Every structure is written in structure tokens, then in C-alpha cells.
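Below are the sequence and a predicted model for it; my questions follow.
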Amino acid sequence: MEEETTTAMCPRAPDQLSVERVAQAHLPTEIGDFQIAAYRSLNSDETFVVLFKGELQADLPTLVRIHSQCLTGDVFGSTKCDCGRQLHRAMEMIEEEGRGAIVYQQQEGRGIGIVNKIRAYALQDEGADTVEANERLGLAVDLREYRQCAEILFDLGLCQVRVLSNNPLKLRALEEAGLKIVERVSIEVEPTEPAEGYLRTKKEKMGHLLEFNI
Ligand SMILES: [Zn+2]
């Protein structure tokens, strides 16, 4: 019944999903109370976590974020990037709104893995920027796949989304996966000094939409 509604409201949603929800629980946090669910991919070893709250309906434009895991930023509070602060800002915005979802994609360092990420940081210590460092390690700049993240949002019953992202590639991928993007909601945190070079590279080389001047 619920699926029929989603399909009717969301004509471009896939008939069959390649992810499945395998666990769900309540998660109180410093920012607010959320539900947390685990998904697994049906065609790879990948797992996903989604943090969400409130009434999620296909016809209600809803705040969402696809957050790519950044161990250094999310857990250790690294100032080389703004990931941790973006994640917490997104949680705060969803808490203020009373509903929304954050898909936490466990692909460290834009898909290169933590070992290569630390190798890339070592190259950056010698002066390379984030794109050059990945190129010198023979790694693609961005290996992430967003289709299954979109599928998780469909599974939660969503269709019309207000996306918390500065990354046009992410927006395009969600749209191509069949979600209706009602709005891009910019998520900006004031850069700390070590993050400035990284953010400038994201803006100049990766097309990120950042409004402040860096
Ligand atoms: Zn980061």
C-alpha cells in the first residue's frame, strides 16, 4: 500500500530496489532524537546507515543529505576539511525542521579508502592539492555511487527532496536516480584556516557551489 503511494507520487522511482533495510533503532544524540537504520546492498558488500526523523512522505518536500564518510573529519574533527561540521549542521537543520534524512555512505575519502586517503594527505603535506594528490596516487577524483543512496530515500517513502549539498554531481545523480529535487539547500560552515585550500580546490576543480569567498 505504502509502495503504491510512493510509485504514484514518484513515477521515476525504480520498480525494484537494490538495497534492503536490515535493522532499525532509536538513536538519541546531543543534537536530537533520531531513528537510525542499516541497509545492505543486494549487489555488493557495501552497507549504508541512514539517520532520519519525523514524518517522511512522498508528497512532502523533505530535507535530505547524502554524507560520504570522512573518518578524519566526522570523528576526529579534522580541520583539513569541513565534513564533520557539515554533518552536524545537517543534523541540526533536520532537528529544527522536525523531519529529514541523512544517508551516511561508508565510502571513505570519496571512495579511495582510509589508507589511500592518509597517503594523499602525506602528499598534501608536501604541497599537492586534494585533486593532484589523488591523481599522483593513480586514483580517480570521485568514485562514489549515489544511486543506492537515492534508493534508500525511496525506501523511506520519500520522493520530493530538498538536498543539503554543495556538490552538483551529487544533485545530478539523485535526479537521474528518479528523485524530484525541489530545492538545493546550501550547507555552509565558515571555513577554518587549514580547510580553506581544500575548499578552494573543491570550488575551482570540482565545481562545488560555495558562496563565501575563499
Ligand atoms: Zn572530510
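Alright, I've got the coordinates.

I'd like to know which elements the helix or strand hosting T201 is packed against.
Per DSSP states H and E, T201 falls inside helix 193-206. Packing contacts for helix 193-206, counted by 3 or more CB pairs under 8 Å, 6 or more residues apart in numbering; DSSP states H and E, involve helix 130-136. (C-beta placed from N, C-alpha, C; glycine too.)

Whatever helix or strand comes next after the helix it packs on packs against which elements?
Later in the chain than helix 130-136, the nearest helix or strand by DSSP H and E is helix 147-155. Under the contact criterion of 3+ CB pairs under 8 Å, 6+ apart, helix 147-155 touches strand 19-28, strand 33-41, strand 47-53, strand 100-105, helix 168-176.

Show me the contact partners of the longest one.
Yep, that's strand 19-28 we're talking about. The set of residues external to strand 19-28 that reach it, using CB atoms under 8 Å, 6 or more residues apart in numbering, is 33-42, 48, 51, 148, 151-152, 155.

biggest separation within those residues, which pair?
Greatest spacing in the contacts of strand 19-28, by CB to CB: D33 and L42 (30.0 Å).

Nearest to L164 among the contacts of strand 19-28?
Closest to L164, out of all of the contacts of strand 19-28 and judged by CB to CB, is L51, at 12.5 Å.

Please pick the buried ones from the contacts of strand 19-28.
Using 16 or more other CB atoms under 10 Å as the burial test, these include F34, Q35, I36, A37, Y39, F48, L51, Q148, E151, I152, D155 as buried.
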